[in-house]
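Colleague: could you work out the structure for the sequence below:
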Amino acid sequence: MPTGWYAFASSTTGSFSDTTELYTPTIGQIGPQCMLKFFYSMNGPSVDSLIVSTLMNGVNTQIWEITGGTGIGWQPAEVYIGAKTSVVITIQARRGKTYQGGIAIDDVQFIDCQPPIMQPVCRNDQFTCKNKYCIDSEKFCNYADDCGDMSDEPVNNLLAHFSKFYIGYWYLLCHCKCKHNKETHKYKRKYS
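Modeller: This is a model prediction of the structure:
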């Protein structure tokens with residue numbers, strides 16, 4: 001049987017909109033693919049919201065929120081953080097109007113948060129970013145800013161072909177020149 005601890009914010013004390021916060025120390029640098037994953041439970045008639053935010057340069061930015069009760073049981077959450085420097089990440093539970101209910105979080109993990117590594121010369125199987133970081137060449141033109149400076153995602157090409165809209169779906173055609181095999185690759189992705 002699994003054992004362990006979880007964080008729980010109860011509505012039994014306090015006033016409407018009071019908050020309980022868990023926050024990281026200041027993190028010097030986070031890589032561009034950083035995700036915060038956790039499980040949450042929001043049970044009872046008086047739970048208000050669960051919020052994830054970032055604090056950088058004195059600016060607090062909310063990046064995820066869920067409101068209202070989710071019932072008994074745990075729900076998964078994945079929050080995209082992205083590339084950041086000198087950042088504090090906060091998970092905040094906000095109390096509802098009455099004393100009935102609570103919000104819990106468990107199994108909090110930061111996934112793929114390591115920043116790219118700056119190297120004098122990248123290996124043959126890597127792409128060299130404009131900022132001198134090295135990434136695996138498979139990550140070139142994959143619609144994710146793996147370099148942290150968008151040099152692995154030719155923005156002009158992306159925007160030039162971001163044109164067709166069909167009943168709630170965007171079609172994106174990207175022409176990308178891969179560094180090592182010099183072939184032109186066409187990718188067609190559907191976004192809803």
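
Colleague: so, low pLDDT: which residues of this structure?
Modeller: 1-2, 155-192 (pLDDT under 70).

Colleague: what ranges do the helices span in it?
Modeller: 155-160 (DSSP state H).

Colleague: report the central residue of it.
Modeller: Central residue of the chain (Cα atoms, centre = their mean): Tyr80, 0.8 Å from the mean position.

Colleague: what is it paired to in the beta sheet?
Modeller: Taking DSSP bridges, one obtains Met35 as the residues bridged to Tyr80.

Colleague: what about it, distance to Leu22?
Modeller: 19 Å (Cβ to Cβ, to the nearest Å). C-beta: built from backbone N, CA, C; applies to glycine.

Colleague: do the same with Phe140
Modeller: According to Cβ to Cβ, Phe140 and Leu22 sit 36 Å apart.

Colleague: quick one, which of those two is more surrounded?
Modeller: Neighbours per residue (other Cβ atoms under 10 Å) separate Phe140 from Leu22, with Phe140 holding more: 22 against 13.

Colleague: surely the more buried one is in contact with Asp152?
Modeller: Yes. Look at Phe140 against Asp152 with Cβ atoms under 8 Å: they come within range, at 5.0 Å.

Colleague: what touches both of these two?
Modeller: Residues touching both Phe140 and Asp152 by Cβ atoms under 8 Å, 6 or more residues apart in numbering: 127, 146.

Colleague: that older thread, who's in contact with the residue nearest to the centre of the chain?
Modeller: Shown in contact with Tyr80 (Cβ under 8 Å, 6+ apart): 34-35, 63.

Colleague: partner strands of the strand ranked longest in the chain, parallel or antiparallel?
Modeller: Criterion DSSP state E: the longest strand present in the chain is strand 84-95. Within its sheet, and counting by DSSP bridges, strand 84-95 is paired with strand 19-23 (antiparallel), strand 27-30 (antiparallel), strand 47-56 (antiparallel).

Colleague: can you spell out which residues form a bridge with the nearest residue to Ser41 once chain neighbours are set aside?
Modeller: Among residues not flanking Ser41 along the chain, Ala104 sits closest, at 4.6 Å (Cβ to Cβ, 6 or more residues apart in numbering). For Ala104, the beta-bridge partners under DSSP bridges are Phe8, Ser41.

Colleague: and Ala104, how many neighbours does it have?
Modeller: Residues near Ala104, counting by other Cβ under 10 Å: 17.

Colleague: test my guess that it contacts Ala7.
Modeller: Yes. Using Cβ under 8 Å, Ala104 is in contact with Ala7, at 6.5 Å.

Colleague: tell me the buried residues in stretch 93-104?
Modeller: 93-96, 101-104 (16 or more other Cβ atoms under 10 Å).

Colleague: going by distance to Lys132, which of those wins?
Modeller: Lys132 lies nearest to Ala93 out of those, by Cβ to Cβ, at 41.0 Å.

Colleague: relative to Ser53, how far out is the closest one?
Modeller: Ala93 is 12 Å from Ser53, by Cβ to Cβ.
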